[in-house]
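J.: I'd like to go over a predicted model; first the sequence, then the structure.
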Amino acid sequence: AEANTYAELIGAGTEAPALVLARIVSDSQAARTGLNEVSREAHTLLQETGNHTATRADVMSYERALVRAQMAYRSFQSALSEVSARDDMDIDTAPVDKELGAFEDVIDNARETADRLADKYASVNAARS
């Protein structure tokens, strides 16, 4: 049987809590790094002018990346909740909470970037009309 959720995939209800927490942190760091890289590309587009400015495809791709990051964040939170509710859970989750907070901050910044990118695309197209 395949895991249907991230929590099931990493064994949030069955694996050793330390392993589950380490996996959440590792996966969150990877997702945060990926979103940061895509955001750097979006910032480059925001600074470009002329024919090299943001296209509709750029805006849509960035928004898709943002939605996936938000979904990943919710999955990480759900897995953390599941492992935290276990009877054998006796580990401080502060490092995990800190990492998820950092990921949430990157998501918040990406939301602002997505809005700016969409505004730039709209203004460039309005100027071309």
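T.: All right, it came through fine. Numbers count the residues shown, from 1 in each chain.
J.: Now find how far off-centre the helix or strand of the chain with the lowest mean pLDDT is within its chain.
T.: Within the chain, no helix or strand scores below helix 94-128, which has a mean of 89 by mean pLDDT, DSSP states H and E. In terms of Cα atoms, centre = their mean, to the nearest Å, the centre of helix 94-128 is found 10 Å from the chain centre.
J.: Run through the neighbouring helices and strands of that helix.
T.: When contacts are defined as 3 or more Cβ pairs under 8 Å, 6 or more residues apart in numbering; DSSP states H and E, helix 94-128 packs onto helix 17-47, helix 56-84. Heads up, the C-betas are built off the backbone N, CA and C, glycines and all.
J.: what angle do the last one and helix 17-47 make?
T.: Using axes from the mean of the first three to the mean of the last three Cα atoms, to 10 degrees, the inter-axis angle of helix 56-84 relative to helix 17-47 is 160 degrees.
J.: Would you mark the buried spots in helix 56-84?
T.: 58-59, 62-63, 65-66, 69, 72-73, 75-77, 79-80, 82-83 (16 or more other Cβ atoms under 10 Å).
J.: ok, the residue lying closest to residue 113 once chain neighbours are set aside - how many residues close by?
T.: Distance criterion Cβ to Cβ, 6 or more residues apart in numbering; nearest residue to residue 113, sequence neighbours excluded, is residue 42 at 5.1 Å. Residue 42 is flanked by 22 other residues according to other Cβ atoms under 10 Å.
J.: repeat for the one 4 residues further on
T.: For residue 46, the number of neighbouring residues by other Cβ under 10 Å comes to 14.
J.: and what of residue 85?
T.: Residues near residue 85, counting by other Cβ under 10 Å: 10.
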